[in-house]
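Peer 1: Fold the following, please.
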Amino acid sequence: MNRMRTADKALAIIRQEDPETDISLRYIRQLIYDGAIPYVQVGRKKLVNVDFLMNYIENGAQEVTQ
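Peer 2: Take a look at the predicted model:
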């Protein structure tokens, strides 16, 4: 099962794994807004797959989309 979370909860998971991360909530929200990472609209919330997001951040856009 995919870990689908809101942007702020996804950031909390990232910070749990790397407390000194420079990833910001604004950056994650911008990725969603730009369509760089897929999301699922649930009511007013936009949920992202945390594992996909982390893979996107680790490998960059080129490797994730291929």
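Peer 1: And the lowest mean pLDDT element among the helices and strands of the protein?
Peer 2: Ranked by mean pLDDT, DSSP states H and E, the weakest helix or strand in the chain is helix 50-65, scoring a mean of 81.
Peer 1: Bridged to residue 48, which residues?
Peer 2: residue 5, residue 39 (DSSP bridges).
Peer 1: pLDDT score assigned to it?
Peer 2: Residue 48 carries a pLDDT value of 97.
Peer 1: and residue 39, how far is that from residue 9?
Peer 2: 13 Å (Cβ to Cβ, to the nearest Å). The way it works is simple: take the backbone N, C-alpha and C, and place the C-beta from them, glycine included.
Peer 1: more neighbours, those two?
Peer 2: Higher neighbour count among residue 39 and residue 9: residue 39, with 19 against 15, using other Cβ atoms under 10 Å.
Peer 1: Now do the contacts for that one.
Peer 2: 32, 46-48 (Cβ atoms under 8 Å, 6 or more residues apart in numbering).
Peer 1: redo that, cut-off 6 Å
Peer 2: Applying Cβ atoms under 6 Å, 6 or more residues apart in numbering to residue 39 gives the contacts 32, 46, 48.
Peer 1: Which of those ranks first by neighbour count?
Peer 2: residue 48 (24 neighbours).
Peer 1: residues touching it, list them.
Peer 2: Residue 48 neighbours (Cβ under 6 Å, 6+ apart): 10, 37, 39.
Peer 1: and if we set it to 10 Å?
Peer 2: 2-7, 9-10, 28-29, 31-32, 37-40, 56 (Cβ atoms under 10 Å, 6 or more residues apart in numbering).
Peer 1: Of the residues you listed, keep whichever come out buried.
Peer 2: Buried members of those, scored by 16 or more other Cβ atoms under 10 Å, are 4-7, 10, 28-29, 31-32, 37, 39, 56.
Peer 1: Verify the stated contact: residue 47 with residue 8.
Peer 2: No. If you go by Cβ atoms under 10 Å, residue 47 and residue 8 don't touch, sitting 11.4 Å apart.
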